[in-house]
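Peer 1: 3D model of this:
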Amino acid sequence: MDNTIYQFERLSTREGFNRSLSHFKAVSALLDDFEDYINLSDILNDMIAEGEIQPPQIMSIVYALLVDKYRYNYRSYNLKSTITEFEEIVKEVSKWNAVDMLLLYFHPELGPIGINPKNRAHWENVGQLKKDELLTIYAGGFQESISEKIKNESIEKLIALIEGNKIKSTQSLKKGSFKFEEPEIEEEEKEERVEKREAAPPSRPAKEEQKTTVATGQKRMTPMYSVPVTNELFHNGNVEAWKKIIQSYTSKHPDLEVFIFYEGERIHDINTLFKWGKVKHGSAILFAVAGEDIKDVAKLQRYLKQGASPRFEDFLRAPVNQILNLF
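Peer 2: Alright, predicted model coming up:
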């Protein structure tokens, strides 16, 4: 039987129908801003921050508008190295007035992140592009038609820049009307834009979910911080100390999330670090913090270092169910 019989199955429930309708309204509402020559990444990041859309909607919106409607060219590839310096990229791409560009970086923990490569703030927000992760680059001219040569050239040169190569920007890339200027939006103007899009209600069925989404509006992740293991090995006591420390941190900062890494692998369950004497004296455990308004990272690192040392017992003296007041 033809599988297309099930293609509208999602619309058969009230939740599915309302979620889909809200998504369509949100896409329709942002078209005015986009056709005013505002980069789609800038629009989407603003809408996420305002709680008008959720991060999982980014990919479908980008493809539907940039590829299907406005005929942007695109190319996906896996990063050959980890990139942490973006100044030269911004400096060069900002000269390309002949083309509008967007990057989708598939962050291993945060999911897809939209980047306007001409917007320095977007690069600062993402922090780093990690080796082997997926990057998709889109190039086009908003609702205007630009040459295939310009689209393809801009993608090729941006990839070269990201990989650390020197490039020379051609006059054909520099000459055009798509110049990016750092946004200086007054609060009143921002409110007007939000009001224009109010026809697209947030596609969330519950207030609790809305709160979570708003918190991730400008979500970013810190660099990796190293914690040396100075105990004879990272045993059960060290693990329990780390649990207490991280519990205290996330209780103080509920919108922040702590990620633990060991030997290049994300550790979802800290208990696995002490099994079979896995982490020994002299090893290093890495951590990072993700969220919007990131605070107290240095203090967290200091406590985690103590928790990985013979002095871990200091964190275990409180009653079992008591949250430590460390931050």
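Peer 1: so who does V227 touch?
Peer 2: For V227, the contact set (C-beta atoms under 8 Å, 6 or more residues apart in numbering) comprises 284-287, 301, 304-305, 308. C-beta coordinates here come from the backbone N, C-alpha and C atoms, glycine included.
Peer 1: who does it bridge with?
Peer 2: I285 (DSSP bridges).
Peer 1: returning to what we had before: report the buried members of the contacts of V227.
Peer 2: 285-287, 304-305, 308 (16 or more other C-beta atoms under 10 Å).
Peer 1: setting aside sequence neighbours, what's the nearest residue to F312?
Peer 2: Nearest residue to F312, sequence neighbours excluded (C-beta to C-beta, 6 or more residues apart in numbering): A241, at 4.0 Å.
Peer 1: pull out the buried positions in the helix or strand hosting the one you found.
Peer 2: Per DSSP states H and E: A241 is located in helix 236-252. Of the residues in helix 236-252, 237-242, 244-246, 248-250, 252 count as buried by neighbour count, 16+ other C-beta under 10 Å.
Peer 1: how about stretch 307-322?
Peer 2: For stretch 307-322, a neighbour-count test (16+ other C-beta under 10 Å) marks 307-309, 312, 315 as buried.
Peer 1: so which of those belong to helices?
Peer 2: Those of the buried residues of stretch 307-322 mapping onto helices are G307, per DSSP state H.
Peer 1: now do the same contact list for E240.
Peer 2: So E240 contacts 312, 315-316 (C-beta under 8 Å, 6+ apart).
Peer 1: let's see it at 7 Å
Peer 2: L316 (C-beta atoms under 7 Å, 6 or more residues apart in numbering).
Peer 1: equivalent analysis for A98, please.
Peer 2: Counting by C-beta under 7 Å, 6+ apart, A98 has contacts 146, 150, 172-176, 178.
Peer 1: domain ranges for the protein?
Peer 2: According to automatic domain parsing, the chain comprises the domains 11-214, 222-316.
Peer 1: make JSON lines from those domains and add mean pLDDT and distance to T4 to it.
Peer 2: JSON lines is the format used below for the domains of the chain (pLDDT from 0 to 100; distance: least, C-beta to C-beta, whole Å):
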{"stretch": "domain 11-214", "mean pLDDT": "84", "distance to T4": "14"}
{"stretch": "domain 222-316", "mean pLDDT": "90", "distance to T4": "38"}
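Peer 1: skip the chain neighbours and tell me the closest residue to L326.
Peer 2: Excluding its sequence neighbours, the residue lying closest to L326 (C-beta to C-beta, 6+ apart) is S248, at 4.3 Å.
Peer 1: my bad, should have said H235
Peer 2: F274 (5.0 Å).
Peer 1: just E153 next, same as before
Peer 2: L173 is the one closest to E153 (C-beta to C-beta, 6+ apart), at 6.5 Å.
Peer 1: part of a helix, is that neighbour?
Peer 2: Yes. Assigned with DSSP: H, G, I helix; E, B strand; the rest coil, L173 falls within a helix.
Peer 1: how near is it to S147?
Peer 2: Note on L173: its distance to S147, by C-beta to C-beta, to the nearest Å, is 11 Å.
Peer 1: ok, D314 next?
Peer 2: Separation of D314 from S147 (C-beta to C-beta): 66 Å.
Peer 1: what about Y74, neighbour count?
Peer 2: By other C-beta atoms under 10 Å, 17 other residues sit near Y74.
Peer 1: where's it, which helix or strand?
Peer 2: Going by DSSP H and E, Y74 is in strand 73-78.
Peer 1: also L304?
Peer 2: Per DSSP H and E: L304 is located in helix 297-307.
Peer 1: what's the nearest residue to the residue positioned nearest the centre of the chain if we skip its chain neighbours?
Peer 2: Closest to where the C-alpha atoms of the chain average out (C-alpha atoms, centre = their mean) is I113, at 4.0 Å. Spatial nearest neighbour of I113, excluding adjacent residues (C-beta to C-beta, 6+ apart): Y105 at 4.9 Å.
Peer 1: distance of the residue nearest to L326 relative to L173?
Peer 2: According to C-beta to C-beta, S248 stands 51 Å off from L173.
Peer 1: and the lengthiest helix in the chain, which residues are buried?
Peer 2: Ranked by residue count and defined by DSSP H, the top helix of the chain is helix 14-34. With burial defined by 16+ other C-beta under 10 Å, the residues of helix 14-34 counted as buried are 19, 22-23, 25-27, 29-30, 33-34.
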